[in-house]
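Novice: Sequence and predicted structure, then a few things I'm wondering about:
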Amino acid sequence: MVIMISLSPRDTPYRLTVLVLLTLPGAVVPADWQVTPTLRLRESYTDNMNLAPPAQARGEFTTEVSPGIVVTTDGPRLKLALSYSLQKIASTRQAGRTSQVLDASGHAELLPDWLSIDARSAISEYNVSAFGPQQLDPSQVTGNTNTVHSNSISPYLRHSFQGLGTLELRHTEQRVDAGGLLDVRNSGTNLRLTGDDAGNGLNWNLSLDRTVVDDAALPPVTMSDAALTLSHPVGGSLSAFVTGGYEKKDYQSTSAQPQGNYWSAGGVWSPSPRTRVAASLGRRYFGKTRTLDAAYRMRNMFWTLNYNEDITTMHGEFLSIPPTGLSDFLYDLWATRIPDPETRRRTIKVFMAISQMLGPDGNVNFFSHRYYLQKQLTLATVYSTPRSALGFNLSSTRRTAQTSNAIDSVLLGPDELALTDQTRQSAAQLGWSWRMSARDNLTVSASHNRVRSLTTGRADRNSAVVLSLSRQLQSKVSANVNLRHARHSSNAGGDYRENSVSAALMVAF
């Protein structure tokens, strides 16, 4: 079996990642493959194609043709999920455009209990800045978007030594590329030793990590970290842990030198398989740190509450793996409601996010070459019945730059360099899905996002409401109709409103 995916010449690393995902695991262990070609035809109309102020707004029809392919396999030693589509967009007043969407991840165990490999690859369109027009549909043209390619290949050795513990040695190669705006490569090696329970309940974990970040716009940055964690049960459902370590990062910080000893202490409370709370307090070179990770699961409801403080980068956020607790909950719960696994994944993806252009929590991961101290709080819940589901997400993200804004001169104008020195974003998302019949489904989504520059005082607000009606026409043919209303306001000007309607036909061959 040969599968061709159209990528440009500069995408050799991404082609290599997709090749690894598709061919290397299959050559090692037999598995049941599901290969499904797809075709999506979509006609839409918007009264504000360029998301411009009312005086400049103009309506336009758009036709989209998107052939694609879905490849999946799920075995004990091989897991793969790949979805690819080539979007051809034609408009009545704009030049035709072509874009690609890829979401692929795979895991293969090459030598049992010894050698494995993980690989991920993605191509998608994202908003460049959290300020200004926010694209919600690939047919819109705003001047505030760019295609982001990201890929990661990570072979690792893992083996358990009886009486000693488990050793894992992992090497990771990653790249994030957004044309002339961004080109970052990461090369890292991690050694992790996890000790066996010595019989007295004491557990330990030793981690050594070294990563080299090569940003085309900056000198290479080396990051090293060594940490030891000890944990011990305090009661039947409570355990305590303490971590101590040393880290060193040689990026040019405008505040504290990014190196030094650090520590944290906390506990994990798990009174039942449905409830888990983990929290910690500590100190690093940038100040005090706090973390919280809580989850509570009932028969028809799932809650999560998370808080984290860490140094992050824009490309690091694109490479991070988002939490899957809510979607996993729905995937298991909707097994009888939507028997087909791929249809179930697509339905959950549409329900959980109003648009792929915004982050999974409704906030924008804006483009930047800078290092940030990020403090993020997220509360999310989903409630499901046999015929409906209601989801809610509330989040707040604050970023404080740790490096000079001069390195973002390629991304921002000279008058906007201070715009992202300190930012705060907050978002609320609400979604409701109702299974009207065996073939019909109604979904209503609403979101509101507010982003503020604490340095300049600029504040932008974005709101959107989407109504989607879908119908399964045949076993492999479905259709949907979408209505959308979006608003944007800013104390810097550029307010706009947009209304759109679209109809789409999806075919799986």
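Specialist: Nice, thanks for sending it over.

Novice: as a whole number, average confidence for stretch 290-309?
Specialist: What stretch 290-309 shows for mean pLDDT is 92.

Novice: Quick check: Arg450 touching Thr423?
Specialist: No. Arg450 is beyond contact range of Thr423, at 10.9 Å (criterion: C-beta atoms under 8 Å). Glycine gets a C-beta too; all of them are placed from N, C-alpha and C.

Novice: ok, the two, which is more surrounded?
Specialist: Per other C-beta atoms under 10 Å, whichever of Arg450 and Thr423 has more neighbours is Thr423, with 26 against 17.

Novice: Could you tell me how many residues sit around the closest residue to that one other than its chain neighbours?
Specialist: Nearest residue to Thr423, sequence neighbours excluded (C-beta to C-beta, 6 or more residues apart in numbering): Arg399, at 5.1 Å. Close neighbours of Arg399, defined as other C-beta under 10 Å, add up to 26.

Novice: Quickly find the element holding Arg399.
Specialist: In this assignment (DSSP states H and E), Arg399 forms part of strand 388-401.

Novice: go on, Ser239?
Specialist: strand 238-249.

Novice: Next, the angle strand 238-249 makes with the helix or strand that that strand is followed by.
Specialist: Downstream of strand 238-249, the first helix or strand assigned by DSSP H and E is strand 259-272. Counting by axes from the mean of the first three to the mean of the last three C-alpha atoms, to 10 degrees, strand 259-272 lies at 160 degrees to strand 238-249.

Novice: can you list contacts of stretch 49-59?
Specialist: For stretch 49-59, the surrounding residues in contact (C-beta atoms under 8 Å, 6 or more residues apart in numbering) are 45-48, 60, 62, 91, 93-94, 133-135, 139-142, 486, 488, 493-498.

Novice: which residue ranges form the strands in the stretch 151-300 of the chain?
Specialist: For the stretch 151-300 of the chain, the strands defined by DSSP state E, counting those that start in this stretch occupy 165-177, 183-195, 203-215, 221-233, 238-249, 259-272, 275-284, 287-297.

Novice: contacting residues around the closest residue to Ser502 other than its chain neighbours?
Specialist: Counting by C-beta to C-beta, 6+ apart, Ser502 lies nearest to Ser44, which is 3.5 Å off, once chain neighbours are set aside. Neighbouring residues of Ser44 by C-beta under 8 Å, 6+ apart: Phe61, Thr62, Glu64, Asp137, Ser139, Asn482, Ser500, Val501, Ser502, Ala503.

Novice: downstream neighbour of the strand or helix carrying Ser44 in the secondary structure list?
Specialist: Following DSSP H and E, one finds Ser44 within strand 34-46. With elements assigned by DSSP H and E, the helix or strand that comes after strand 34-46 is strand 60-74.

Novice: And that next one, what does it pack against?
Specialist: The contact analysis (3 or more C-beta pairs under 8 Å, 6 or more residues apart in numbering; DSSP states H and E) places strand 60-74 against strand 34-46, strand 78-91, helix 341-352.

Novice: If I take it and strand 78-91, what angle do their directions form?
Specialist: Relative orientation of strand 60-74 versus strand 78-91 (the same axes, to 10 degrees): 170 degrees.

Novice: Alpha carbons of strand 60-74, in PDB - could you do that?
Specialist: Extracted in PDB, the C-alpha atoms of strand 60-74 (Å, rounded to 0.1, in the frame of the first residue of the first chain):
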ATOM      1  CA  GLU A  60     -18.600  36.800  -0.900                       C
ATOM      2  CA  PHE A  61     -19.500  33.200  -1.900                       C
ATOM      3  CA  THR A  62     -16.800  30.500  -1.500                       C
ATOM      4  CA  THR A  63     -16.600  27.000  -2.900                       C
ATOM      5  CA  GLU A  64     -14.300  24.400  -1.200                       C
ATOM      6  CA  VAL A  65     -13.300  21.000  -2.500                       C
ATOM      7  CA  SER A  66     -11.300  19.000   0.000                       C
ATOM      8  CA  PRO A  67     -10.100  15.400  -0.900                       C
ATOM      9  CA  GLY A  68      -8.500  13.600   2.000                       C
ATOM     10  CA  ILE A  69      -7.600  10.400   3.600                       C
ATOM     11  CA  VAL A  70      -7.900   8.800   7.100                       C
ATOM     12  CA  VAL A  71      -5.600   6.000   8.200                       C
ATOM     13  CA  THR A  72      -5.900   4.300  11.500                       C
ATOM     14  CA  THR A  73      -4.800   1.200  13.300                       C
ATOM     15  CA  ASP A  74      -4.900   0.300  17.000                       C
END
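
Novice: Need the mean per-residue confidence for that strand.
Specialist: 93.

Novice: Can you give me the buried ones in that strand?
Specialist: Glu60, Thr62, Glu64, Ser66, Pro67, Gly68, Ile69, Val70, Val71, Thr72, Thr73 (16 or more other C-beta atoms under 10 Å).

Novice: any idea how far the fourth one lies from Glu498?
Specialist: Using C-beta to C-beta, to the nearest Å, Ser66 is found at 22 Å from Glu498.

Novice: same question, Ala479
Specialist: 23 Å.

Novice: who's more crowded, those two?
Specialist: Set side by side, Ala479 and Glu498 give different neighbour counts by other C-beta under 10 Å, the larger being at Glu498 (22 against 15).

Novice: who's in contact with the strand holding Arg399?
Specialist: Residues contacting strand 388-401 (C-beta under 8 Å, 6+ apart): 254, 312, 326, 330, 351-352, 361-363, 370-384, 420-435.

Novice: Helix or strand next in line after it, which one?
Specialist: Defined by DSSP H and E, the subsequent element after strand 388-401 is strand 422-435.

Novice: quick one: strands adjacent to that following strand?
Specialist: strand 388-401 (antiparallel), strand 440-453 (antiparallel) (DSSP bridges).

Novice: show me where pLDDT drops low in the stretch 201-350 of the chain?
Specialist: Across the stretch 201-350 of the chain, residues meeting the criterion (pLDDT under 70) sit at 322-325, 336-337, 342, 346, 350.

Novice: I'd assumed Phe318 was in a helix, is it?
Specialist: Yes. Per DSSP: H, G, I helix; E, B strand; the rest coil, Phe318 lies within a helix segment.

Novice: ok, it - contacts?
Specialist: By C-beta under 8 Å, 6+ apart, the neighbours of Phe318 are Tyr126, Val148, Ser150, Val176, Asn365.

Novice: how about a cut-off of 6 Å?
Specialist: Phe318 makes contacts with Ser150, Val176, as judged by C-beta atoms under 6 Å, 6 or more residues apart in numbering.

Novice: With Arg484 instead?
Specialist: Neighbours of Arg484 in contact, by C-beta under 6 Å, 6+ apart: Val466, Ser500.

Novice: For it, give its distance to Ser468.
Specialist: 9 Å.

Novice: now do Ser160
Specialist: 48 Å.

Novice: about what we covered before: mind checking which of the contacts of Ser44 are in strands?
Specialist: Phe61, Thr62, Glu64, Asn482, Ser500, Val501, Ser502, Ala503 (DSSP state E).

Novice: doesn't Ser384 make contact with Arg435?
Specialist: No. The pair Arg435 / Ser384 is not scored as a contact, 10.5 Å apart, by C-beta atoms under 6 Å.
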